[in-house]
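Student: Please find the sequence and the predicted model below.
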Amino acid sequence: TTQWIKAIAHADVPEEDVIAVQAGGREIALYGVEGQVYATDNLCTHGNARLCDGFLTGHEIECPLHQGRFDVRDGRALCSPLRDNVASYPVRIEDGMVFVAL
Ligand code: FES
């Protein structure tokens with residue numbers, strides 16, 4: 001069953017950047033893009049790298065280790081060496097707080 005987990009204040013999500021939060025016992029990366037917030041797992045699907053240490057350009061997060069890129073809107077792997085998409089999660093903003101559906 002889907003649970004909405006309160007993650008962070010909306011104001012604390014950086015615009016055009018990424019931040020890691022703990023939610024529901026896992027580490028989630030939150031991305032601020034054009035006033036929207038997107039959420040994925042923070043761990044790259046290719047290796048031991050955290051996407052919060054990567055570089056966000058538009059809707060694409062680039063892994064800091066081998067420069068694999070994911071679309072933050074749906075977790076889609078966009079280029080090699082990535083083979084697997086990263087899990088993405090629905091986001092809801094309510095009363096100035098960001099909730100993630102896990
Ligand atoms: Fe992310 Fe290799 S660990 S691309």
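Tutor: Thanks, I have the structure now.
Student: which parts of the protein sit against the ligand?
Tutor: By the rule C-beta under 6 Å from any ligand atom, the part of the chain lying against the ligand is Cys44, His46, Gly47, Ala49, Cys63, Leu65, His66, Gly68, Pro81, Leu82. C-beta here means a position set from N, CA and C on the backbone, and glycine is covered the same way.
Student: residues touching the third one, list them.
Tutor: The reference is to Gly47. Contact analysis of Gly47 by C-beta atoms under 8 Å, 6 or more residues apart in numbering lists Leu65, His66.
Student: what separates it from Arg26, distance-wise?
Tutor: Noted for Gly47: a distance of 18 Å to Arg26, by C-beta to C-beta, to the nearest Å.
Student: again with the last one
Tutor: Between Leu82 and Arg26 the computed distance is 20 Å (C-beta to C-beta).
Student: who's in contact with Gly75?
Tutor: Taking C-beta under 8 Å, 6+ apart, we find Gly75 in contact with Thr40, Asp41, Asn85, Val86, Ala87, Ser88.
Student: Dig out what Ala9 forms beta bridges with.
Tutor: Counting by DSSP bridges, Ala9 forms beta bridges with Met97.
Student: quick one: it from Tyr89, how far?
Tutor: 18 Å.
Student: Next: Ile28.
Tutor: To Tyr89, Ile28 is 7 Å away according to C-beta to C-beta.
Student: Tyr38 now?
Tutor: Applying C-beta to C-beta, the value for Tyr38 to Tyr89 is 9 Å.
Student: and what of Ala7?
Tutor: As judged by C-beta to C-beta, Ala7 and Tyr89 stand 10 Å apart.
Student: what sits in contact with each of those two?
Tutor: Joint contacts of Ala7 and Tyr89 (C-beta under 8 Å, 6+ apart) are Ile28, Ala39, Val100.
Student: Okay then, goodbye and thanks.
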